[in-house]
Structure formats: structure tokens, C-alpha cells
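Student: Could you look at this predicted model? Sequence included:
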Amino acid sequence: MPTNPAILSGLQPSPHRPAVAIRQAGDRQLLVEYGPMKADLHLNFRVQALWQILKDSPIDGVVDSAPGFRSLLITFDPARTSRSRVIAEIAAREQSAPDIIHLTLPSREVVLPIAFDDSRTREAVSRYRTDTRDDAPNVSGGDNIDYIVRYNGFDDREEFISTFLATTWWNGLMGYFPGLPSLFSMDPRTQLTVPKYNPARMWTPEGAVALGGPCVVMYPMEAPGSYQLFGRSIPMRATFDSPRAGESAEERNLLRVGDRVRFRRVTEEELFELRLEVFENRYRYDIVDSEFAVSEYAADVKRHRGEIETVARRRADAAALVEVP
């Protein structure tokens, strides 16, 4: 039995499965948490596998489930089911899922345009310097790109940009505010990281693309923010028509949990034209329905382990020489 009173139940780890802790999370909620507290995509794959199983084989009385990076929040109706029954059903469904090496997840392939160092993200940095903090090391050049370059040990901006464009980004979760995707590199050799603003910005333009920690986000609306800005893309809504009957919030969002995203470089002028097409419902999104075999990712990580460790050391050495905001 779990010794932590907040942990109601759990499953022990095995060679191809992380430990699972089922935690108290409110009168009507349970939090299913996987593995240690680190940014390991294998943990996110397990979260998404359980989430998919719950959609395909619902638990009676469970009214909602929301995936995080390494956890799944389950909401149930106490009038229809008991907490103990939900815990037992969750454990049974988790054990019914394939081991990580046999796991296949639904995953769309999405290609999005991006304009780097655009005028709107520069405006956000300028406002921050004027209204909040002009001595922050991440805004000293009027943008955040040079700070990202220094912190990750790149020779110049183009090396950062080419690394970013060469990477496929996994959408691990949607959250913090509606429609905000959190993307993680699927090639650890191209893993980027950077500390966040301190304090946060009061304004970020809609469509901004930014990096904080190991995570790239795309702002679906104007909002405060603390991630380092480096470009802008198209709006994060699937359509600007009136909502259709029965259409879910997930269907209204451009990106979905489990999408694999790649970016193509455009000029700011080209981006303006593409954004106009989106607002006029003329833009054709580059999206392909597909599946993702987790074994391919695991094999790549294993094959490139030495190079991954070398890159991580180089990134850490560069970061140690850079002032944190």
C-alpha cells in the first residue's frame, strides 16, 4: 500500500512501464501520475495511451479526463460511481495498454509556417523593456533570439534557426489557457532550453512562437507570457466559421494533443498573406492523419545516446556562462 496519504493507489514499474501513482485531487478528481518528475517523452506517451483508452472504453461515471505532460486528471460523478471503483478501473485499463515498445498512438503530422524575428514579437520585447525591466539579459538586443543562441551554445542565429526547423515537435499537452499547445523536441540531439522571463511580460501577440525550459509554445491569443519569443505563425484556431453543432473545443483548436509538428520558414510579408487567408477561411492547413510507433522514437534515442549526451553537456556548459533573468 502507498505510504503517502495523498497517493490512493499505484502500480510498480517494470522494464517497459513506469511507476504509476493515483493521487487524491479533489472531491471529484483523481490524478494519474507517471514516473519521476522529469521531461521524458516516454512518460507523455503513456499518459496519451491511457487517455485514448478512456475515450475508446469509457468508465461509467467518469465525466472528463485532461492530459498533462506526465499526468492525467480524471473527473468523476460521485452520484454515478465510487472513487474506489474508478481507481480499480483506471488500474485495469492502464495494465491493458501495450508496453511502451509496442505502443502506437494516433498522431497527425502538421506543417506550419513561421516568420522569425518578426515585428510583433519585437514590439512585445520593446514594451517589456519600456514598462517592466530594461536591464533583463534576455531583452538586451531588442529581441530574445540572441539570448536563446547564447544560452544553447549556438554560433549564431542561423544555427539556432536551422536546428529548430530540422526538429519534429511533439504536442505533449494543451493548457495553461485554452488552445495553447506545448511542443517538445522528438530528437534529443536538437533539444533546446532557456529560462523564462523574470518577471513575466504583460503582453504577447497572438500567434507568437516562444521557448521556455525545454518547451515551445504557440500563443493562440494575446496574453501575458514568460517564454522567450523568437517568431510568429498563423492563428491557432481550426476555423473562423461559427461553431458547428456538436463540435468540441478540441475540434476548434488547430493543434491537438499527440500532433507531430514541423515548421517551414517564411518571410514576415508571406506570413501576413497566409494569416489573411486563415481569417478569410481560404487557407489550407498542411495536416495528415497518421499514427506514431513509440518503438521508433525509443530506438532513435538508444542509437544516438552518445551524441545526445555530448550535446547536453555542450548546452549545459554554454548555459553556465549566461546570466539568468
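Tutor: Yep, that arrived. Residues are numbered from 1 along each chain as shown.
Student: Please make it C-alpha for all contacts and neighbour counts, starting now.
Tutor: OK.
Student: Name the helix or strand for the residue nearest to residue 126 when sequence neighbours are not counted, please.
Tutor: In space, and not counting its chain neighbours, residue 126 is closest to residue 142: 6.3 Å by C-alpha to C-alpha, 6 or more residues apart in numbering. Assigned by DSSP states H and E, residue 142 belongs to neither a helix nor a strand.
Student: residues touching residue 142, list them.
Tutor: Contact analysis of residue 142 by C-alpha atoms under 8 Å, 6 or more residues apart in numbering lists 122, 125-126.
Student: mind listing what's buried in stretch 285-299?
Tutor: 287, 292, 294, 297 (16 or more other C-alpha atoms under 10 Å).
Student: on that earlier part again, against residue 213, how distant is the residue nearest to residue 126?
Tutor: Remark: distance between residue 142 and residue 213 (C-alpha to C-alpha, to the nearest Å) = 21 Å.
Student: How about residue 173?
Tutor: Residue 173 is 15 Å from residue 213, where distance means C-alpha to C-alpha.
Student: isn't residue 20 right next to residue 31, touching?
Tutor: No. Counting by C-alpha atoms under 8 Å, residue 20 stays clear of residue 31, with 10.1 Å between them.
Student: Residue 169: which of the contacts of residue 142 is nearest?
Tutor: Set against residue 169, the nearest of the contacts of residue 142 by C-alpha to C-alpha is residue 122 (24.0 Å).
Student: host element of the closest one?
Tutor: Residue 122 belongs to helix 119-131, assigned by DSSP H and E.
Student: which helices and strands sit right next to the helix or strand where residue 48 lies?
Tutor: Counting by DSSP H and E, the element that carries residue 48 is helix 41-56. Applying 3 or more C-alpha pairs under 8 Å, 6 or more residues apart in numbering; DSSP states H and E, one finds that helix 41-56 contacts strand 29-34, strand 62-67, strand 71-76, helix 83-96, strand 104-106.
Student: now the fourth one and strand 62-67, what's the angle there?
Tutor: Going back to what we said before, that points to helix 83-96. Using axes from the mean of the first three to the mean of the last three C-alpha atoms, to 10 degrees, the direction of helix 83-96 lies 50 degrees away from that of strand 62-67.
Student: Between residue 20 and residue 31, which has more neighbouring residues?
Tutor: For residue 20 versus residue 31, neighbours defined as other C-alpha atoms under 10 Å are more numerous around residue 31 (22 against 19).
Student: right, and that one touches residue 68 too?
Tutor: No. Counting by C-alpha under 8 Å, residue 31 does not reach residue 68; the two are 9.9 Å apart.
Student: Tell me the secondary structure at the residue sitting furthest away from the middle of the chain.
Tutor: Distance from the C-alpha centroid of the chain peaks at residue 79, with 34.3 Å (C-alpha atoms, centre = their mean). Following DSSP: H, G, I helix; E, B strand; the rest coil, the label given to residue 79 is coil.
Student: Tell me the pLDDT of it.
Tutor: Residue 79 is assigned a predicted lDDT (pLDDT) of 96.
Student: Report the separation between it and residue 62.
Tutor: 11 Å.
Student: Likewise for residue 41?
Tutor: Counting by C-alpha to C-alpha - residue 41 and residue 62 are separated by 26 Å.
Student: first vs last residue of stretch 284-291, how far apart are they?
Tutor: For stretch 284-291, the first-to-last residue distance is 21 Å (C-alpha to C-alpha).
Student: who touches it?
Tutor: Residues contacting stretch 284-291 (C-alpha under 8 Å, 6+ apart): 104-112.
Student: quick one: low-confidence ranges for the protein?
Tutor: Within the chain, the stretches with pLDDT under 70 are 1-3, 238-251.
Student: Which stretches in it count as helices?
Tutor: Here the chain has its helices, by DSSP state H, at 41-56, 83-96, 119-131, 145-152, 157-166, 249-252, 268-279, 294-303, 305-319.
Student: Now the last one: buried residues?
Tutor: The neighbour-count criterion (16+ other C-alpha under 10 Å) identifies 308, 311-312, 315, 318-319 as the buried residues of helix 305-319.
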